[in-house]
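[1] Show me the folded form of this:
(3 chains)
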Amino acid sequence: MPELPEVERVRRELEPVFRGQRISRVVLNRENLRRPFPVGFVTRLEGQTVGTIARRGKYLFFLLSSGEMLLVHLGMSGSFRVARRGELPAPTSDDPGHDHVVIDLTSGVRVVFNDPRRFGVMDLMAAGPPGDGLALGPEPLDPAFDAEVLARACARRRTPIKVLLLDQGVVAGLGNIYATEALHRARLSPRRAASTIATRSGRPRPAARRLALAIKEVLTAAIERVPGRRYRESRFRAYEREGERCRRRGCRGVIRRIVQAGRSTFYCPVCQR
DNA sequence: ATTGAGACCTGTCGGC
DNA sequence: TGCCGACAGGTCTCAA
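    Next up, the predicted model:
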């Protein structure tokens, strides 16, 4: 499920739960997710007090009093539940289903990590700037990410712009939905070679300016959006709207679905050029 | 150096 | 009802 906005929302939900709390108990209901839990995972977590939770791209970093950091990636289907102890089955129930990790805090709160597809990751890493060593590109909401940076990353790249936006080394945190949505917002065809929005004579093209801005707008709106009625309806302007009318004012196009790098892309062939 | 295809998993949904 | 394929918001690795 989660791209940058969803991960950021998880961060905001969990930080007040964890911050300043000590981890009293950790239970693993299996030995791996996408990859094995690191050696000593449980003992290195138990007894630690958690500080802030940082985010880089789609990764979360729980800062521990030991100096280590707990790294979490939600993959496709990872999620956390927060409950009071006792509201849930014992952490070592016979059938944990997809509840792979249970974390008890001294506050009496229990946090459960659930991940049916197990594309998620949990790991422990040495102290350091969150994200170091993960080869992530800039944070799209950081002012340092702008049209120039984006244009430079596009230079001489013949790959379609949509595919390039999914490259976490180019910009960290976009996934299939928000790459799709940003391109719709910027009125850019997902099929365009990335190089066609690169710099020209040292200046970013207007397309690069529109796209950098659209990325920021789409992500910001998604972080702040409040779920509610019509949430699903109004969520996307292109994603999963194949066959529907383009929602851009004045545009009479119909949203098409294509496959790029094995993933669905939705776009309006009329207003996205 | 890039790029595409396949692999990793389970769940859901639509069609027959 | 059941079976089957297509598809799902993400990486990672391998081969061309």
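[2] Need the outlier residue of chain A, farthest from its centre.
    A:Ser201 (33.8 Å; C-alpha atoms, centre = their mean).
[3] Spell out which residues of chain A are next to DNA strand B.
    Applying C-beta under 7 Å from any atom of the strand, we find that chain A lies next to DNA strand B at A:34, A:76, A:98, A:116-119, A:156-160, A:163, A:261-262. (Glycine included, C-beta is placed from N, CA and C.)
[4] and the residues you listed near DNA strand C, which?
    Among the residues of chain A next to DNA strand B, DNA strand C is touched by A:Arg34, A:Met76, A:Arg117, A:Phe119, A:Gly262 when using C-beta under 7 Å from any atom of the strand.
[5] from these, which is closest to A:Pro130?
    Proximity of those to A:Pro130 (C-beta to C-beta) peaks at A:Arg34, which lies at 19.3 Å.
[6] Could you tell me the per-residue confidence at that closest one?
    A:Arg34 carries a pLDDT value of 96.
[7] Please apply the same query to A:Arg230.
    For A:Arg230, the predicted pLDDT is 48.
[8] can you pull the contacts of A:Arg192?
    Residues near A:Arg192 by C-beta atoms under 8 Å, 6 or more residues apart in numbering: A:Pro160, A:Ile161, A:Arg273.
[9] if we can go back for a sec, save the ones next to DNA strand C among the residues of chain A next to DNA strand B as TSV, and put in secondary structure and distance to A:Asp146 too.
    TSV is the format used below for these (DSSP: H, G, I helix; E, B strand; the rest coil; distance: C-beta to C-beta, whole Å):
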residue	secondary structure	distance to A:Asp146
A:Arg34	coil	33
A:Met76	coil	30
A:Arg117	coil	35
A:Phe119	coil	31
A:Gly262	coil	30
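[10] List only buried entries from the contacts of A:Arg192.
    Taking 16 or more other C-beta atoms under 10 Å as the criterion, what is buried in the contacts of A:Arg192 is A:Pro160, A:Ile161.
[11] between the contacts of A:Arg192, which is closest to A:Phe62?
    Of all those, A:Ile161 has the smallest distance to A:Phe62: 34.3 Å, by C-beta to C-beta.
[12] from what I can see the closest one touches A:Ala193, true?
    Yes. A:Ile161 is within contact range of A:Ala193, at 7.3 Å (criterion: C-beta atoms under 8 Å).
[13] Lowest pLDDT pick from the ones next to DNA strand C among the residues of chain A next to DNA strand B?
    When those are compared by pLDDT, A:Gly262 scores lowest at 92.
[14] how deep is that one tucked in, by neighbour count?
    Neighbour count of A:Gly262, defined by other C-beta atoms under 10 Å: 6.
[15] again, but for A:Arg203
    Neighbour count of A:Arg203, defined by other C-beta under 10 Å: 12.
[16] quick one: pLDDT of it?
    pLDDT recorded at A:Arg203 is 85.
[17] what's across from it in the sheet?
    As for beta bridges, A:Arg203 partners with A:Arg200 under DSSP bridges.
[18] Kindly report the same for A:Leu64.
    What pairs with A:Leu64, by the bridge criterion (DSSP bridges), is A:Val50.
[19] cool, A:Leu28 as well?
    For A:Leu28, the beta-bridge partners are A:Val101 (DSSP bridges).
[20] Give me every residue in chain A lying close to DNA strand C.
    A:1-3, A:6, A:34, A:57-58, A:73, A:75-76, A:117, A:119, A:121, A:166, A:168, A:175-177, A:262-264.
[21] Can I have the buried ones of those as a PyMOL selection?
    Buried residues among the residues of chain A next to DNA strand C (16+ other C-beta under 10 Å), as a PyMOL selection:
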select buried, chain A and resi 2+3+6+57+58+73+75+121+166+168+175+176+177
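[22] where along the stretch 151-273 of chain A do the helices fall?
    A:161-165, A:176-185, A:206-224, A:231-235 (DSSP state H, counting those that start in this stretch).
[23] what residues are up against the nearest residue to A:Gly57 once chain neighbours are set aside?
    Nearest non-adjacent residue to A:Gly57, counting by C-beta to C-beta, 6 or more residues apart in numbering: A:Ala172, 3.1 Å away. Taking C-beta under 8 Å, 6+ apart as the criterion, A:Ala172 is in contact with A:Leu4, A:Arg56, A:Gly57, A:Lys58, A:Gly131, A:Leu136, A:Gly137, A:Pro138, A:Glu139, A:Pro140.
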